[in-house]
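Colleague: show me the folded form of this:
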Amino acid sequence: MERWIEEDLHDGWGSRYRVDRLIHESHTEHQHLVIFENAKFGRVMMLDSIAQLTTADEFVYHEMMAHVPIVAHGRVRRVLIVGGGDGGVMREVLRHPGVERVVLCEIDRGVIDMSLEFFPGVAGGAFDDPRAEVVIADGVRFVAETNERFDAILVDSTDPVGPGAVLFTREFYQSCKRCLTPGGVLVTQNGVAFMQGKTLKASVGHFRGLFADGSLYLGVTPTYVGGAMSYGWATDDVRLRSLKVEEVEGRFSPLGIVTRYYTPQVHVAAFALPAYVHETIGDKPV
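Modeller: Predicted coordinates:
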């Protein structure tokens, strides 16, 4: 009998994946983890019946979460990743030679172990990079207590349900700001704008209460259905969100980093928001 796993993250609407071959299924300390093969998306990881990662399109999300803030900032040396246990964001961050240190704070060691065993290509050896340090801890507590400061904080979290909900609160964002160097940038996984507008509006509202500039940018990952994926954006340097294509090209092209989704043109265009997204986050009509 065919097995399908239904994802019902959004109220009144769902999608499902056919399990062509079950690879692994377990209950970790924090979550229900399932890994399987699917004809369309390749190898898939689901946590608590919510798709987290597929080998077919993981590059979109990871490239956009890493390269946009690092290139926009232009002088990133120290990066904190909250969550991101699959190692994909860290892989992309470490492709920047100017990055000297990356701390990955993941609450669930089981996610890292399963990713290394079943998705080794996603991390691509990032966990072995001497610039990388893994901390198994609650990200909320880490940013509240650490004495380290970072030029960029990338919150590669699950959705705002269950253990991931605290990573969408004002208190957490305030602690992130405390850990940023002057002019540093915070980027968050903020769900699909069309489907999770309430959460997105709340996050951007918190950003604008804490930072000089709070907004978002967009990218389209087929796995995250329902429209474009939102990446929350917060910084005290208002210039970072308004770079021209020529400026982005001048910073990114010399690095020789080959990407499959991110380009300087995509970078600039990602900050151009549809009218309904402006409306969602409370902006004046454009």
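Colleague: next secondary structure after the lengthiest helix in the chain?
Modeller: Ordering each helix of the chain by length in residues (DSSP state H) puts helix 58-73 first. Next along the chain after helix 58-73, taking DSSP states H and E as the criterion, comes strand 78-83.
Colleague: which residues are in contact with whichever helix or strand comes after that next one?
Modeller: Sequence order places helix 88-93 as the next helix or strand after strand 78-83, per DSSP H and E. The contact list for helix 88-93 (Cβ atoms under 8 Å, 6 or more residues apart in numbering) reads 53, 58, 61-63, 65-67, 70, 79, 81, 84, 99, 102, 104, 122-127, 129, 132, 154, 156. Placement of C-beta: from N, CA and C, glycine included.
Colleague: which of those residues are buried, as a PyMOL select command?
Modeller: Paste this into PyMOL to select the buried members of these, with burial taken from 16 or more other Cβ atoms under 10 Å:
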select buried, resi 53+58+61+62+63+65+66+67+70+79+81+84+99+102+104+122+123+124+126+127+129+132+154+156
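Colleague: now the stretch 151-286 of the chain, which segments are flagged as low pLDDT?
Modeller: For the stretch 151-286 of the chain, residues meeting the criterion pLDDT under 70 lie at 162-163, 285-286.
Colleague: flag every buried residue along stretch 27-44.
Modeller: Neighbour counts over stretch 27-44 (16+ other Cβ under 10 Å) mark 30-31, 33-36, 38, 41, 43-44 as buried.
Colleague: what's the offset of that stretch from the middle of its chain?
Modeller: Centroid displacement of stretch 27-44 relative to its chain, using Cα atoms, centre = their mean, to the nearest Å, is 18 Å.
Colleague: now swap in stretch 109-119 and tell me
Modeller: 17 Å.
Colleague: ranges for the helices of the stretch 101-250 of the chain?
Modeller: Per DSSP state H, counting those that start in this stretch, the stretch 101-250 of the chain carries helices over the ranges 109-118, 120-123, 139-145, 170-179, 197-210, 245-252.
Colleague: nearest to residue 262, of those helices?
Modeller: Among the helices of the stretch 101-250 of the chain, helix 245-252 comes nearest to residue 262, with 8.2 Å by Cβ to Cβ.
Colleague: by contact count, what packs against the closest one?
Modeller: If contacts are counted by 3 or more Cβ pairs under 8 Å, 6 or more residues apart in numbering; DSSP states H and E, helix 245-252 sits against helix 58-73, helix 264-270.
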